[in-house]
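Visitor: pasting the structure only:
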């Protein structure tokens with residue numbers, strides 16, 4: 001009888017852990033969908049010829065979708081980094097705004113560097129710091 005009760009308790013605990021894990025995965029999927037929606041709107045905004053002709057990187061993010069990404073905050077960092085890895089260096093601005101870290105503090109030189117190099121620094125920063133931000137919501 002004790003063995004049966006133990007097994008039921010064990011299985012019940014496993015079910016609770018499984019449900020908590022499933023809820024975490026669902027939350028992550030929902031966050032990804034939310035990010036993808038905002039990001040799609042941002043990409044659509046950037047298709048405007050007036051935007052594409054601008055030499056000011058901030059103009060590429062001057063829209064409601066970008067503001068929503070930044071307002072949502074740290075939970076979007078993994079998705080932002082993935083897009084930076086794919087080449088969207090305009091999202092360097094989102095990294096800076098969300099983390100509160102100036103891009104200039106990431107580099108070890110006074111040399112002027114471009115957005116692509118800054119993207120590499122953000123990716124490196126993320127790899128070193130992602131565990132600190134993974135737990136925050």
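Guide: Arrived safely. Note that the coordinates shown come from a computational prediction; the quantities given were computed from them, not determined experimentally. Residues are numbered from 1 along each chain as shown.

Visitor: just the helices in the protein please.
Guide: 2-46, 49-52, 64-72, 77-85, 92-99, 115-134 (DSSP state H).

Visitor: Which among these is found nearest to residue 58?
Guide: helix 92-99 (6.6 Å; Cβ to Cβ). C-betas here are computed from N, CA, C, even on glycine.

Visitor: relative to helix 64-72, how tilted is the closest one?
Guide: Interaxial angle, helix 92-99 versus helix 64-72 (axes from the mean of the first three to the mean of the last three Cα atoms, to 10 degrees): 30 degrees.

Visitor: Flag the shaky bits of the protein, pLDDT-wise.
Guide: Scanning the chain for pLDDT under 70 picks out 1-26, 134-137.

Visitor: follow-up on the earlier one: what's the closest of the helices of the chain to residue 106?
Guide: helix 115-134 (4.1 Å).

Visitor: Would you mark the buried spots in stretch 30-40?
Guide: Along stretch 30-40, these residues count as buried under the neighbour rule (16 or more other Cβ atoms under 10 Å): 31, 34, 35, 38, 39.

Visitor: Name the nearest residue to the third one, sequence neighbours excluded.
Guide: I take that to be residue 35. Spatially, and ignoring its direct neighbours in sequence, residue 35 is nearest to residue 79 (4.3 Å; Cβ to Cβ, 6 or more residues apart in numbering).

Visitor: number of nearby residues for that neighbour?
Guide: 21 (other Cβ atoms under 10 Å).

Visitor: Quick one: residues contacting it.
Guide: The contact partners of residue 79, by Cβ atoms under 8 Å, 6 or more residues apart in numbering, come to 31, 32, 35, 36, 39.

Visitor: how near is it to residue 91?
Guide: Look at residue 79 and residue 91: by Cβ to Cβ, to the nearest Å, they are 10 Å apart.

Visitor: Check residue 29 too.
Guide: 21 Å.

Visitor: which of those two has more neighbours?
Guide: Ranked by neighbour count (other Cβ under 10 Å), residue 29 and residue 91 place residue 91 first, with 26 against 10.
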